[in-house]
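Colleague: Coordinates only, no sequence provided:
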């Protein structure tokens, strides 16, 4: 692995290998602590967007394994504005051993990877969120096991970057995916085309509907996300008129499998895309899911640094 930019870049076997390593590192952490496999390594973390989970989980992943992390704020870098992305990549390649970038435009992280001599991790872009997708898959396998081919994963809400990575990782692992979105808020066509190619190989089923109630029938996983992502704030009022029928609430949960789990990548706008009783209820795994960012990212970094 040179970079980790998209789940679709890797085979089903490689994705499962990363998940197996994440499980191993997680068990090791809780038993005796992780070995210092990142000793002498520093991860430069470039942020164009604010973050809680991405920043802290990457920082702590490095520290737990004996390395260090350096936070680089938007004001310090000015990626593509104050200095060209190509120059930033080549300069940082001489200072740190890896880069993680959380950006608005996917092209920015692709260009970083193109010019960088060190591994680059996509910490989120407008196209996808592959580290979140890996944490999601880890959480689902913890609940349903590795041999979970044919699992039904339903996403309800805005067809966004998180949905792209969820759809791709689910298809890679042979899970069936149903996406329910309002008209005008559909998935990125390129992301759908890639998912369809993956699904053809793994024999998973992809379904796209408008009705959230139809989407959750037989669902083992119900996933939702904020109705308005960062950078879309001007659309908030409009979106709040469109998305209420897609709220994940007790009624919607009752229409899924009895052992369904509810997922959200956070931050959550409670009583908007999901209700308090669902977020804090017996079906919710949103906090273990958030914690699994740490363990999934340790595995990604370990493979990129070639230390595990």
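Modeller: Nice, I can see it. All values reported here derive from a predicted model rather than from experimental measurement. Residues are numbered from 1 along each chain as shown.

Colleague: OK, contacts around residue 23?
Modeller: 138, 295 (Cβ atoms under 8 Å, 6 or more residues apart in numbering). In short, each C-beta sits where N, CA and C put it, glycine included.

Colleague: That one belongs to a helix, doesn't it?
Modeller: Yes: applying DSSP: H, G, I helix; E, B strand; the rest coil, one finds residue 23 inside a helix.

Colleague: gap between it and residue 292?
Modeller: 10 Å (Cβ to Cβ, to the nearest Å).

Colleague: now residue 162
Modeller: Counting by Cβ to Cβ, the gap from residue 162 to residue 292 is 14 Å.

Colleague: before we move on, what about residue 18?
Modeller: Counting by Cβ to Cβ, the gap from residue 18 to residue 292 is 12 Å.

Colleague: Looking at the two now, which is surrounded by more residues?
Modeller: Per other Cβ atoms under 10 Å, whichever of residue 18 and residue 292 has more neighbours is residue 292, with 25 against 22.

Colleague: Residue 138 is in contact with the more buried one, correct?
Modeller: Yes: using Cβ atoms under 8 Å, residue 292 is in contact with residue 138, at 4.7 Å.

Colleague: Pull up the overlap in contacts between these two.
Modeller: With Cβ under 8 Å, 6+ apart, residue 292 and residue 138 have common neighbours residue 22.

Colleague: where along the stretch 101-250 of the chain do the strands fall?
Modeller: 120-124, 152-156, 176-180, 206-209, 221-224 (DSSP state E, counting those that start in this stretch).

Colleague: can I get those in JSON lines with mean pLDDT, mean neighbour count and distance to residue 45?
Modeller: Shown next, in JSON lines, are these (pLDDT from 0 to 100; neighbours: other Cβ atoms under 10 Å; distance: least, Cβ to Cβ, whole Å):
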{"stretch": "strand 120-124", "mean pLDDT": "98", "mean neighbour count": "27", "distance to residue 45": "7"}
{"stretch": "strand 152-156", "mean pLDDT": "98", "mean neighbour count": "27", "distance to residue 45": "28"}
{"stretch": "strand 176-180", "mean pLDDT": "98", "mean neighbour count": "23", "distance to residue 45": "31"}
{"stretch": "strand 206-209", "mean pLDDT": "98", "mean neighbour count": "15", "distance to residue 45": "34"}
{"stretch": "strand 221-224", "mean pLDDT": "98", "mean neighbour count": "28", "distance to residue 45": "26"}
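
Colleague: So which of the ones you listed is nearest residue 272?
Modeller: strand 221-224 (9.7 Å; Cβ to Cβ).

Colleague: hmm, back to that, overlap in contacts, residue 23 and residue 292.
Modeller: Residues touching both residue 23 and residue 292 (Cβ under 8 Å, 6+ apart) are residue 138.

Colleague: Residue 218 contacts residue 257, correct?
Modeller: Yes: counting by Cβ under 8 Å, residue 218 touches residue 257, with 6.0 Å between them.

Colleague: Please say which of those two ends up with more neighbours.
Modeller: Taking other Cβ under 10 Å, residue 218 and residue 257 do not tie; residue 257 has more neighbours (18 against 13).

Colleague: neighbours around the nearest residue to that one once chain neighbours are set aside, how many?
Modeller: Nearest non-adjacent residue to residue 257, counting by Cβ to Cβ, 6 or more residues apart in numbering: residue 220, 5.2 Å away. By other Cβ under 10 Å, the residues close to residue 220 number 21.
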